[in-house]
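Participant: Kindly return the folded structure for what I paste below:
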Amino acid sequence: YAVWLYFRFPLSLRMVEDLLAERGIIVSHQTVRAWADKFGQEFSKKIRRRSVGQLGGKWHLDEVVISIRGRKHWLWRAVDQDGFVLDVLVQSRRNKKAALRLLRKLLKQQGHPPRVLITDKLRSYQAAKREIMPGVEHRSHKGLNNRAENSHQPTRRRERVMKRFKSTRHLQRFVSVHDPIANLFHLPRFEMTSTDFRELRAVAMDAWRDIAQLSAA
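Facilitator: This is a model prediction of the structure:
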């Protein structure tokens with residue numbers, strides 16, 4: 001429950017500590033941090049295994065600058081056409097080498113190239129795509145990439161709550177757990193009725209209980 005609270009909502013460790021205390025569970029915020037580190041990665045791996053072959057074939061790629069200890073780093077992110085996060089990668093550069101590293105990681109995890117690749121006008125994407133997936137259609141236009149740009153917003157919210165990330169390792173570890181859990185509860189509410197939304201939310205909660213090996217309340 002503590003891990004779900006921490007990664008599902010924009011809460012600090014001390015906020016999770018207070019919510020647990022309200023339920024009569026007395027632990028320190030350091031304990032919450034230890035639980036997040038110990039169990040978060042395992043939960044995210046289970047979610048990734050469940051999603052193999054189920055994510056879309058249209059990849060939206062984007063990168064956003066993150067300041068860590070006064071130095072600029074780049075958070076590279078790939079999402080499909082439905083807004084599900086395919087992968088995230090923290091890198092110190094914004095060039096062809098960095099774009100190649102992201103594409104290679106995506107190909108390894110997804111097991112196949114995309115049907116369409118959509119990016120902003122950063123030329124590094126075109127150079128990297130030409131080298132490892134020359135036959136894939138590439139659409140490069142800032143207006144087409146809102147899907148990927150919007151997917152950075154949850155990370156920005158957490159960055160404010162956590163008063164910035166402490167290191168690149170800290171950022172990579174956090175997003176590698178946060179985004180798969182966000183995928184599990186990603187429901188395009190504007191496209192469905194309230195009844196359908198509640199049913200799918202219940203399905204997501206059942207999946208989480210199974211992943212975390214919890215009994216239904």
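Participant: Would you mind writing the CA trace of the helix or strand hosting Met15 as CSV?
Facilitator: Assigned by DSSP states H and E, Met15 falls within helix 13-22. What follows is helix 13-22, C-alpha atoms only, in CSV (Å, rounded to 0.1, in the frame of the first residue of the first chain):
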residue,chain,number,x,y,z
LEU,A,13,7.8,10.2,1.5
ARG,A,14,6.7,12.2,4.6
MET,A,15,3.2,12.5,3.2
VAL,A,16,3.0,8.7,2.7
GLU,A,17,4.3,8.4,6.3
ASP,A,18,1.3,10.6,7.5
LEU,A,19,-1.2,8.6,5.5
LEU,A,20,0.0,5.4,7.0
ALA,A,21,-0.1,6.8,10.5
GLU,A,22,-3.8,7.7,10.0
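Participant: Now the residue at minimal distance from the centre of the chain: closest residue in space that isn't a chain neighbour?
Facilitator: In the chain, the centroid-proximal residue (CA atoms, centre = their mean) is Asp179; its distance is 2.4 Å. Leaving aside its chain neighbours, Asp179 sits nearest to Val85 (4.1 Å; criterion: CB to CB, 6 or more residues apart in numbering). The C-beta positions use only the backbone N, C-alpha and C, and glycine is treated the same way.
Participant: I'd like to know how far that neighbour sits from Tyr1.
Facilitator: Val85 sits 23 Å away from Tyr1, going by CB to CB, to the nearest Å.
Participant: same check, this time on Leu100
Facilitator: According to CB to CB, Leu100 and Tyr1 sit 40 Å apart.
Participant: And for Arg33?
Facilitator: Distance from Arg33 to Tyr1, by CB to CB: 15 Å.
Participant: Then Thr155?
Facilitator: 23 Å.
Participant: more neighbours, these two?
Facilitator: Using other CB atoms under 10 Å as the criterion, Thr155 and Tyr1 rank with Thr155 on top: 20 against 14.
Participant: would that one count as being in a strand?
Facilitator: No - secondary structure assignment (DSSP: H, G, I helix; E, B strand; the rest coil) places Thr155 in helix, not in a strand.
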